[in-house]
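J.: got a predicted model here, sequence first, then my questions.
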Amino acid sequence: MTSGVTTASDTQLRERIRRALQAQKQRTITVLSSLLAAQDEIGYLPEAAIEETAAFIKGATINDVWSVASFYTNFRFTPPGEHTVEVCWGPSCHIKGAQQVLKAVQEELSIDREGDTADGKFTLRYNTCLGACAQAPVISIDHHHYGGCTPGQAVKLVQETRTRPAAGH
């Protein structure tokens, strides 16, 4: 898995992961909760997160951790873009025009599906529920929700986001 060479950045990354794993407050700590803690800290699950989680959870192997990580679609294994745009396509948002919002965002980002822009500035995610059905259609940019969003408003929000510093991951 690893080359055996440890760099300063690898050491710092592993320390961030260990701190995130140790900071979990819930009564029962599982492989799943640990992976979520690591991804919340870093924004994705690098190989080091899998290895550190296996070392942290008593009796867990790297294969055990990979099986959990690879099962859930909300985990990513590559760094996300600097900004994350989520378009809700749950029932309320869908009925209220989320498809047009999504199409406008995709055109603005020059991508035709969920994923990362070529320049690494944005990650587009489709979300089944952003928890704001009464405000449909809803988009989220760097965890800030915008309800009643039209295609034009969504494009303007993405354009404004291009000028902001990267989201903290």
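T.: Now that the structure is in, tell me what you want to look at.

J.: pLDDT weak spots in the chain?
T.: 1-6, 167-169 (pLDDT under 70).

J.: swap in 90 and give it another go.
T.: 1-9, 26, 43, 72-74, 143, 163-169 (pLDDT under 90).

J.: show me where this protein has strands.
T.: Using DSSP state E, the strands of the chain run over 83-88, 115-116, 122-127, 139-141, 144-146.

J.: looking at the ones you listed, which is buried most?
T.: strand 83-88 (a mean of 23; mean count of other CB atoms under 10 Å). All C-beta spots, glycine's among them, are computed from the backbone N, C-alpha and C.

J.: so what touches that strand?
T.: With CB atoms under 8 Å, 6 or more residues apart in numbering as the test, strand 83-88 has contacts from 93, 98, 101-102, 105, 109, 121-130, 132, 136-143, 154, 158, 161, 164, 166-167.

J.: can we see that at 6 Å?
T.: With contact meaning CB atoms under 6 Å, 6 or more residues apart in numbering, strand 83-88 is reached by 101-102, 105, 122-125, 127, 130, 138-142, 161, 167.

J.: nearest to residue 75, of these?
T.: residue 125 (12.4 Å; CB to CB).

J.: starting at the chain centroid, how far to stretch 8-27?
T.: 18 Å (CA atoms, centre = their mean, to the nearest Å).

J.: mind listing what residue 140 touches?
T.: Under the criterion of CB under 6 Å, 6+ apart, the neighbours of residue 140 are 86, 130.

J.: one more pass at 8 Å, please.
T.: Residue 140 neighbours (CB under 8 Å, 6+ apart): 84, 85, 86, 88, 127, 130, 146.

J.: circling back: how about the strands of the chain in TSV, adding distance to residue 64?
T.: Below are the strands of the chain laid out as TSV (distance: least, CB to CB, whole Å):
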stretch	distance to residue 64
strand 83-88	29
strand 115-116	28
strand 122-127	27
strand 139-141	32
strand 144-146	35
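
J.: list the contacts for the closest residue to residue 97 other than its chain neighbours?
T.: Nearest residue to residue 97 in three dimensions, chain neighbours excluded: residue 137, at 5.3 Å (CB to CB, 6 or more residues apart in numbering). Shown in contact with residue 137 (CB under 8 Å, 6+ apart): 87, 88, 93, 96, 97, 98, 101, 147, 148, 149.
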